[in-house]
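A.B. asks: using only what follows, build the 3D model:
(2 chains)
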Amino acid sequence: MNKWKKKQPETLKPFKRPTLSGYGFGGKAGFFLSRAITNIRQNVFVNVVTIGTITLALLIVSLFLLVFVNLENAVENWSERVQVTVYFDKELAAQELTALHGKIAALSGVSRLTYVSRAEALKRFKSRLRGQETLLEGIRAEILPASFEISLKRSQRDTVSVESFVAQLKKIPGITEVQYGEEWVRRFNSFLNFMRLLGALLGGFLIVAVVFIVSNTIKLTIYSRRDELEVMSLVGATRFFIQAPFLLEGLIQGLAGALLSIILLFGLFEGFLHNAGNFLTFNPVSSGLGFLPLEYLAALLLAGAALGFIGSLTSLRRFINV
Amino acid sequence: MIQLHNVSLTYQQDASALNNINLKIGKGEFVFLTGPSGAGKTSLLRLLYGALSPNSGQVLIDGQNITRLLPSQIPLLRRSIGVVFQDFKLLHNRTVFENVAIALEVLGWGKSDIGKKTMHMLKQMGIESKYNLVTQRLSGGEQQRVALARALVNDPKILLADEPTGNLDEANKNQILAIFKEANIRGTTVVVATHDRRLIEQGHKRLVTLHKGEIVEQMEKETTGNAQTL
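C.D. replies: Here you go, the predicted model:
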């Protein structure tokens, strides 16, 4: 007869938590989710403000990331020029060549090793002086040295590694003249370090600012709904029960904001930045900027979700006194 | 049902809000708390639903010392206590139905049970036709009836009211008082804090007068079946 009467906790005394009858975990999650969605619909303005703030904040961060990633790539490509060249006065005989090739290749840090014969050297020289071939009249391959060109692995391109590599190289019998543009390598590496430090600093400041702005926005929006929190706690809602819809709401806001910021970034990228590389000539190898790699986009989504969730969690703590 | 032993409460730095209060309210009693503003009526009620903890003394509800409750147990205490306020504390962007149903959602009831019980309660309050209106559109009396429906929908053992008629006209006051009486007849212990003399006179119930945080007078207007002698 009185179906609902049975579900009441019978006495106050044991203070046992009554289980949510009629809800499984799925039902409970479903309830909280539908509550969160209703909340978003009933508080459109507040949600628009929060999502907008998260969108703009993440857009700024992702723009910075886009520029930084492209700069890194460009600089990484420049570092291909960190090359060690071993010169020989004479053309190497086939046997000598294979022996030396083997020994150099055995050193750690070698990524590419090419032998440039005298004939090859002349060919390159000519192609560099295209249009002025007359200058080369009478020049034969013999006046140019043969050489090994050694490219180093990415991790071995800093000043110290290059120097130790050269020292090792010089120990190989038969190698006398080694060139690697010491000054250039040193300058290049200090520039690289400076750039990374600047990036980390700027990025750090940006992230702190973004976290501050987003968490304050969320705090204000939750403050504007503190009566709801109060009523919930008055009718005996547990902390979890009060928080869950708000946390889901925060999660949804964060994901929506992140998604929007990625879409906006892509729009900006396609509209303006895509061709910027052509006139900035950051990158001599491939012109044009690249969009953010997939793992960065995933990280942005994750960051958005975390911002919304953690922002809500910390703000809720202040306003719920259960 | 409700017992306070030597309860004292001090807000930060201020003079004491409640001073050595001893009070016993039996099951099924109807008690008016009265006294001038600042006498400690609201503080006393807040102690009873666990919104405040006394600096010293014991507060027992149904034999349970609620000053020893863990924060996570407070919600369970509140499920057996209904509370209404002068400012109603309704959610203005939600409908009448949603405002009342919230008290049952918290208990984890199924949708159809919530629907039945909520509508039943609204019918008792005489506002069932307005179930789909947002509470902002209602008159003060109607809003207080929604608040009462929310407080009573889960059949609480205790109903606390803090100046429930402060914002209402005479006709509405009488209606609200009738609802309190009816809840009391069904076995709910009712404690109403008010300084509305007329309400108290019409109530014909036990009266506890507070002044500057102390109980200065207790009297029985008329012996009713439920009331206990002091």
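A.B. asks: the helix or strand harbouring residue A:73 near chain B at all?
C.D. replies: Residue A:73 belongs to helix A:44-78 when elements are defined using DSSP states H and E. No. Applying Cβ under 8 Å from any Cβ of the partner chain, one finds helix A:44-78 separated from chain B by no less than 10.2 Å. C-betas here are computed from N, CA, C, even on glycine.
A.B. asks: how much distance is there from that helix to the middle of the chain?
C.D. replies: What separates the centre of helix A:44-78 from the centre of its chain is 11 Å, taken as Cα atoms, centre = their mean, to the nearest Å.
A.B. asks: what does the stretch 101-250 of chain A put close to chain B?
C.D. replies: Close to chain B, as judged by Cβ under 8 Å from any Cβ, the stretch 101-250 of chain A has residues A:227-228, A:230-239, A:241.
A.B. asks: tell me which two in the residues you listed are the farthest apart.
C.D. replies: Farthest apart among those by Cβ to Cβ are A:227 and A:238. That separation is 18.5 Å.
A.B. asks: can you pick out the residue with more neighbours from those two?
C.D. replies: Just comparing residue A:227 and residue A:238: by other Cβ atoms under 10 Å in any protein chain shown the higher neighbour count belongs to residue A:238, 19 against 13.
A.B. asks: for that one, phi and psi?
C.D. replies: Main-chain torsions, residue A:238, degrees, to the nearest 10: phi -70, psi 160.
A.B. asks: equivalent analysis for residue B:95, please.
C.D. replies: Taking degrees, to the nearest 10 as the convention, residue B:95 sits at phi -80, psi 170.
A.B. asks: what is the neighbour count of it?
C.D. replies: Residue B:95: 17 neighbours (other Cβ under 10 Å).
A.B. asks: try residue A:92
C.D. replies: Residues near residue A:92, counting by other Cβ under 10 Å: 18.
A.B. asks: do the same with the one 3 residues further on
C.D. replies: Applying other Cβ under 10 Å, we find 8 residues neighbouring residue A:95.
A.B. asks: so for the helix or strand hosting it, mean pLDDT?
C.D. replies: If you go by DSSP H and E, residue A:95 is part of helix A:94-106. For helix A:94-106, mean pLDDT rounds to 84.
A.B. asks: with stretch A:117-131 instead?
C.D. replies: Stretch A:117-131 comes out at a mean pLDDT of 82.
A.B. asks: other residues contacting it?
C.D. replies: A:91, A:116, A:133, A:135-136, A:139-142, A:144-147 (Cβ atoms under 8 Å, 6 or more residues apart in numbering or on different chains).
A.B. asks: hmm, try it at 7 Å
C.D. replies: A:91, A:133, A:135-136, A:141-142, A:144, A:146 (Cβ atoms under 7 Å, 6 or more residues apart in numbering or on different chains).
A.B. asks: do the same with stretch A:132-139
C.D. replies: A:125-126, A:129.
A.B. asks: which among those end up buried?
C.D. replies: For those, a neighbour count by 16 or more other Cβ atoms under 10 Å in any protein chain shown gives an empty buried set.
A.B. asks: next helix or strand past the helix or strand hosting residue A:231?
C.D. replies: Taking DSSP H and E as the criterion, residue A:231 maps to helix A:226-234. Sequence-wise, the next helix or strand downstream of helix A:226-234 (DSSP H and E) is helix A:239-271.
A.B. asks: gap between residue B:50 and chain A?
C.D. replies: 9 Å (Cβ to the nearest Cβ, to the nearest Å).
A.B. asks: so the nearest residue to that residue once chain neighbours are set aside is in which element?
C.D. replies: Distance criterion Cβ to Cβ, 6 or more residues apart in numbering or on different chains; nearest residue to residue B:50, sequence neighbours excluded, is residue B:74 at 4.4 Å. According to DSSP H and E, residue B:74 maps onto helix B:74-78.
A.B. asks: what does residue B:180 give?
C.D. replies: Using DSSP H and E, the element containing residue B:180 is helix B:170-185.
A.B. asks: and that helix, what does it pack onto?
C.D. replies: helix B:140-152, strand B:189-193, helix B:197-203 (3 or more Cβ pairs under 7 Å, 6 or more residues apart in numbering or on different chains; DSSP states H and E).
A.B. asks: for the helix holding residue B:74, the averaged confidence score.
C.D. replies: pLDDT averaged over helix B:74-78 gives 93.
A.B. asks: also stretch A:228-240?
C.D. replies: In this model, stretch A:228-240 carries a mean pLDDT of 91.
A.B. asks: just the CA trace of the helix or strand of chain B with the lowest mean pLDDT, in PDB.
C.D. replies: Every helix and strand of chain B was ranked by mean pLDDT, DSSP states H and E. The lowest is helix B:197-203, at a mean of 81. Presented in PDB, the C-alpha positions along helix B:197-203 are these (Å, rounded to 0.1, in the frame of the first residue of the first chain):
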ATOM      1  CA  ARG B 197       2.300  37.200  19.400                       C
ATOM      2  CA  ARG B 198      -0.900  36.400  17.400                       C
ATOM      3  CA  LEU B 199       0.500  33.200  16.100                       C
ATOM      4  CA  ILE B 200       1.400  32.100  19.600                       C
ATOM      5  CA  GLU B 201      -2.000  33.000  21.000                       C
ATOM      6  CA  GLN B 202      -3.800  31.100  18.200                       C
ATOM      7  CA  GLY B 203      -1.400  28.200  18.700                       C
END
